[in-house]
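**Q** Could you work out the structure for the sequence below:
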Amino acid sequence: MSLCTVVELALQFESFRNVDLFHQGLYHLKTRLYRDDEGRALAFPYSYLKGPSMAMEPPKGKPRVDHHNLIPAHVNEEMYTFSTRSFLIRYCEEEVELGDVGQFRLELSPSELERRNPLLLEVELMFADLTQHPSEPLGDQPDVESAEFRCVSTQVLRLRGVERGLHDFCPVVFDECHFCLLNLAVHSAVVDLRFRVRPALRKMAATKPKVAGPAPRAGAKESEAQDLCSLL
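**A** Just a heads-up that it's a prediction; the model follows:
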């Protein structure tokens, strides 16, 4: 038996701005949280909140398609990931209001609290090409049913002091080949203490999947994780 500290984290996705993405298409952000130690235990994405739709309803006829909310936010419990809504990017300097919140939960033993290892937040930029030909324009009602997403860029942030409470703004900038900005806020709090036999926690695979496209210039490797959210 051990006394475990239950920590909950909320990832608040405020907005996404296209600075100079190479391709028009469907994008979303996929995230996971795991401990920065040998165990690499994953935080469990137990819930999420969806932001409001920004599309204006026409007075008559069919509802207007919200190109910034084509696929809703969702949790993949098997992969321990949270994904934001999927949105269509068509213009340079286009900005998308997200408002999605992913909620994660992690249990820490007394020894893990004593070591004070940070958490790693992995943010993947996912892309799906909706055009069969480069010159083909995207229509008002794109077909998203057959969209196949792939990761085109990854950033990793190191979060310190989550057991003491975090309330930090963490802007995420992806590599120069996928130049865009994600405005992200991270919150954490201790919500419970539990006596229990330590469960078998899901761990990261020994070999991470390769990132499609050019490798990020910074933040793609664990050793280059950015200390953007730290409480010393």
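**Q** check contacts around residue 30.
**A** Residue 30 makes contact with 81-84, 123-124, 126, 151 under the criterion Cβ atoms under 8 Å, 6 or more residues apart in numbering. Every residue, glycine included, has its C-beta placed from N, CA and C.
**Q** That one pairs with what?
**A** Applying DSSP bridges to residue 30 yields these beta-bridge partners: residue 83, residue 124.
**Q** if we can go back for a sec, show me which pair in the contacts of residue 30 is furthest apart.
**A** Comparing all pairs in these by Cβ to Cβ, the longest separation belongs to 82 and 151, at 14.8 Å.
**Q** neighbour-wise, which of those two wins?
**A** residue 82 (26 against 15; other Cβ atoms under 10 Å).
**Q** Can you list the low-confidence ranges for this structure?
**A** Scanning the chain with the threshold set as pLDDT under 70 gives 1, 53-64, 132-143, 198-202, 205-232.
**Q** What segments of it are helices?
**A** Using DSSP state H, the helices found in the chain span residues 110-115.
**Q** those strands in the protein, which residues are they?
**A** 2-21, 25-35, 44-49, 74-76, 81-83, 87-89, 95-108, 119-128, 150-159, 166-173, 178-196, 226-229 (DSSP state E).
**Q** Distance to residue 65 for these - can I get that in JSON lines?
**A** Formatted as JSON lines, the strands of the chain follow (distance: least, Cβ to Cβ, whole Å):
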{"stretch": "strand 2-21", "distance to residue 65": "18"}
{"stretch": "strand 25-35", "distance to residue 65": "13"}
{"stretch": "strand 44-49", "distance to residue 65": "22"}
{"stretch": "strand 74-76", "distance to residue 65": "19"}
{"stretch": "strand 81-83", "distance to residue 65": "20"}
{"stretch": "strand 87-89", "distance to residue 65": "9"}
{"stretch": "strand 95-108", "distance to residue 65": "14"}
{"stretch": "strand 119-128", "distance to residue 65": "16"}
{"stretch": "strand 150-159", "distance to residue 65": "24"}
{"stretch": "strand 166-173", "distance to residue 65": "27"}
{"stretch": "strand 178-196", "distance to residue 65": "22"}
{"stretch": "strand 226-229", "distance to residue 65": "35"}
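**Q** Compare the ones you listed and report which one is nearest to residue 66.
**A** strand 87-89 (8.7 Å).
**Q** What strands line up against the closest one, and which way round?
**A** Partners of strand 87-89 in the sheet, by DSSP bridges, are strand 25-35 (antiparallel).
**Q** Can you check what angle separates the partner strand from strand 150-159?
**A** 40 degrees (axes from the mean of the first three to the mean of the last three Cα atoms, to 10 degrees).
**Q** Next, the buried residues of strand 25-35.
**A** Buried residues in strand 25-35, counted by 16 or more other Cβ atoms under 10 Å: 25-35.
**Q** so residue 21 makes contact with residue 180?
**A** Yes. Using Cβ atoms under 8 Å, residue 21 is in contact with residue 180, at 5.7 Å.
**Q** Double-check residue 75 against residue 101; I have them as touching.
**A** No. Look at residue 75 against residue 101 with Cβ under 8 Å: they stay out of range, at 11.5 Å.
**Q** Nearest the middle, which residue of the protein would you pick?
**A** residue 31 (2.9 Å; Cα atoms, centre = their mean).
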